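**Student:** Could you look at this predicted model? Sequence included:
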Amino acid sequence: MLNRKLILVRHAKSSWNYDAADRDRPLAQRGINDAHLVSSYLGGKLPSADAVFSSPANRALHTCTIFLRNLNIPFSKLTVTEDLYDFGGEGVVRFLKNADDSHQTIMIFGHNHAFTSVANLFGSTYIDNVTTSGVVVIEFNTDSWKNIDEGKTELTLFPKQLKK
């Protein structure tokens, strides 16, 4: 049986300094720096993603771009999906349970509170808050995404852990 792995990445810190619609809000400089810090640290430490999916929101897509570049993941693996522009978690769960079983490892970029909810629903470690630029990796002992339930939290990494 092939296990499934989910790499969940919350978008980096966004800026509220612009009169922009929620979808269009850009990253703050701190967010850009944190995304580079976390993704550079993770080089060679993450399972290789078969597919990458991002919310269409500017802040999620920009975070995704930084991660793809620093992790040397080809942009051809990226799909932008409205399903990840979700703040509660139901849309993310539905998206994951409908994922193509040809993908063993999926990396997703999106938003809170959805990502904290999903990390706690499926992971084995309680997480109070998946911070901006935070990464959670969960492994599932199943050969189909539609059957995912409680998995094992393999990694949690937040920017503050790298700034000590």
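**Tutor:** That came through fine.

**Student:** Please enumerate the helices of this structure.
**Tutor:** Using DSSP state H, the helices of the chain run over 29-42, 58-71, 90-97, 114-122.

**Student:** wait, doesn't residue 42 sit right on residue 68?
**Tutor:** No. Using CB atoms under 8 Å, residue 42 is not in contact with residue 68; the gap is 11.9 Å. C-beta here means a position set from N, CA and C on the backbone, and glycine is covered the same way.

**Student:** what's the closest of the helices of the chain to residue 49?
**Tutor:** Counting by CB to CB, residue 49 lies closest to helix 58-71 out of the helices of the chain; the figure is 8.1 Å.

**Student:** Extract the CA atoms of that closest one and return them as CSV.
**Tutor:** C-alpha atoms of helix 58-71 as CSV (Å, rounded to 0.1, in the frame of the first residue of the first chain):
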residue,chain,number,x,y,z
ASN,A,58,-2.5,36.8,-4.2
ARG,A,59,-0.9,36.2,-0.8
ALA,A,60,-1.3,32.4,-1.2
LEU,A,61,0.0,32.3,-4.7
HIS,A,62,3.0,34.6,-3.9
THR,A,63,3.9,32.3,-1.0
CYS,A,64,3.5,29.3,-3.3
THR,A,65,5.8,30.9,-5.8
ILE,A,66,8.5,31.5,-3.2
PHE,A,67,8.3,27.9,-2.0
LEU,A,68,8.4,26.4,-5.5
ARG,A,69,11.5,28.4,-6.4
ASN,A,70,13.4,27.6,-3.2
LEU,A,71,12.4,23.9,-3.3
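
**Student:** So which residues make contact with that helix?
**Tutor:** By CB atoms under 8 Å, 6 or more residues apart in numbering, the residues outside helix 58-71 that reach it are 9, 11-12, 14, 23-27, 31-32, 35-36, 39-40, 42-43, 46, 52, 54-55, 73-75, 77-78, 80, 84-85, 107, 109-111, 133.

**Student:** now the helices of the chain as JSON lines including mean neighbour count and distance to residue 151?
**Tutor:** JSON lines is the format used below for those (neighbours: other CB atoms under 10 Å; distance: least, CB to CB, whole Å):
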{"stretch": "helix 29-42", "mean neighbour count": "19", "distance to residue 151": "19"}
{"stretch": "helix 58-71", "mean neighbour count": "22", "distance to residue 151": "21"}
{"stretch": "helix 90-97", "mean neighbour count": "18", "distance to residue 151": "11"}
{"stretch": "helix 114-122", "mean neighbour count": "22", "distance to residue 151": "5"}
